[in-house]
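In: quick check, what structure comes out for this input:
(one chain, ligands or ions: 2)
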Amino acid sequence: MEEIGFLGMGIMGKAMAMNLLRNGFKVTVWNRTLSKCDELKEHGASVGESPAAVVKKCKYTIGMLSDPSAALSVVFDKKGVLEEICSGKGYIDMSTVDAETSSKISEAVKEKGGDFLEGPVSGSKKPAEDGQLVILAAGEKRLYDEILPAFDVLGKKSFFLGEVGNGAKMKLVVNMIMGSMMNAFSEGLVLADKSGLSPKTLLDVLDLGAIANPMFKMKGPSMIQNSYNPAFPLKHQQKDMRLALALGDENAVSMPIAAAANEVFKKARSTGLGDLDFSAVYEIFKVTEPSA
Ligand SMILES: NC(=O)C1=CN([C@@H]2O[C@H](COP(=O)(O)OP(=O)(O)OC[C@H]3O[C@@H](n4cnc5c(N)ncnc54)[C@H](OP(=O)(O)O)[C@@H]3O)[C@@H](O)[C@H]2O)C=CC1
Ligand SMILES: O=CC(=O)O
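Out: Numbering: from 1, shown residues only. Ligands and ions are numbered 1, 2, ... in the order given. I've put the predicted structure just below:
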């Protein structure tokens, strides 16, 4: 397969690029904070000096950026993707963004003759390291077919969902549910504790019943030890709730549960928990109001 460019060496980008390298792909990486490319370089990656330089060198370039403004910035800014994208090249944005952001990027790339695919992923740091992501692609089907060998390394399953925006929307729906679940889970852990039950026993009970799931199983034990090493940063989960609520607004869908969960994530961000794992929202539920 052709050399792959990779923009964004955050938690996910680094794990994904490393995985491609491990599986024999030639990879050229770029990150705004250049030092985050060092480890990749030690494992055989080349380093590009700008997104434009990476796109110039590679037939396919993947972006994995924090949010809509970062995703737009690497494409539209000086020395961005648009300066070098052209016919015969493809840009694949795997960041979690809204459909409007994705469409803006798609239109600009297509105007230059390039192909565009969105491919947000479900699954966190560990699935990214293990090539077990779920890829929610949409956009140019030809590019999807061409990039599939790389997707097969990055993920356990890829979906092609049709027109640009459908991948973004699917990802936001999934993360809206996940964020609401994390709030309910946190509330339950606190309720168990305050009513004299063992949170650890609650985890065991949950894991044997109909609402057992990998997220409770993976996050629960570290949460009850107040440990929130970031796999999925809380600030990104709050961004996803915000974007999902906007999607609800557009479609006149009432979302009281997600809206309440978003408020708690906002509170967590405002108290300095944004860079911790999203499970740190548990800390907000633990705070007891002073009695009158
Ligand atoms: N972590 C997870 O479990 C998952 C995350 N996602 C999504 O994947 C995306 C990346 O997440 P994750 O890796 O965790 O995030 P990180 O915060 O670890 O990394 C964010 C990346 O975006 C870059 N960035 C931020 N702002 C800009 C900017 N203005 N210009 C250029 N680059 C910028 C950062 O560069 P710098 O190093 O210079 O700050 C960094 O490379 C997000 O959209 C997230 O919602 C999806 C599934 C799971
Ligand atoms: O977006 C986060 C995830 O775990 O999926």
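In: find the closest residue to ligand 2 in this protein.
Out: Evaluated by CB to the nearest ligand atom, the chain has S124 as its residue closest to ligand 2, separated by 3.8 Å. Where you see a C-beta, it was placed from the backbone N, CA and C, and this is true even at glycine.
In: burial count for the nearest residue to I85 once chain neighbours are set aside?
Out: Spatially, and ignoring its direct neighbours in sequence, I85 is nearest to G114 (3.8 Å; CB to CB, 6 or more residues apart in numbering). Neighbour count of G114, defined by other CB atoms under 10 Å: 23.
In: quick check: phi and psi at G114.
Out: Per-residue torsions, G114: phi -80, psi 170 (degrees, to the nearest 10).
In: list the contacts for the residue nearest the centre of the chain?
Out: Centrality entry for the chain: nearest residue to the mean C-alpha point is T96, 5.0 Å, by CA atoms, centre = their mean. Applying CB atoms under 8 Å, 6 or more residues apart in numbering, we find T96 in contact with D67, P120, A168, K171, L172, N175, H236, K239, D240, L243.
In: quick check, nearest of the residues you listed to ligand 1?
Out: Closest to ligand 1 out of the contacts of T96 is H236 (3.7 Å), distances taken as CB to the nearest ligand atom.
In: that older thread, and the residue nearest to I85, what does it touch?
Out: I85, C86, S87, K89, G90, Y91.
In: the fourth one and ligand 1: what is the separation?
Out: Computed as CB to the nearest ligand atom, to the nearest Å, the K89 to ligand 1 distance reads 20 Å.
In: now that residue. Nearest residue, chain neighbours left out?
Out: In this structure, K89 finds its nearest non-sequential neighbour in G114, 5.0 Å apart by CB to CB, 6+ apart.
In: relative to M181, how far out is that neighbour?
Out: Using CB to CB, to the nearest Å, G114 is found at 38 Å from M181.
In: how many neighbours does the nearest residue to G88 once chain neighbours are set aside have?
Out: Sequence neighbours aside, K59 is the residue nearest to G88 in space, at 6.9 Å (criterion: CB to CB, 6+ apart). For K59, the count of nearby residues is 15 (other CB under 10 Å).
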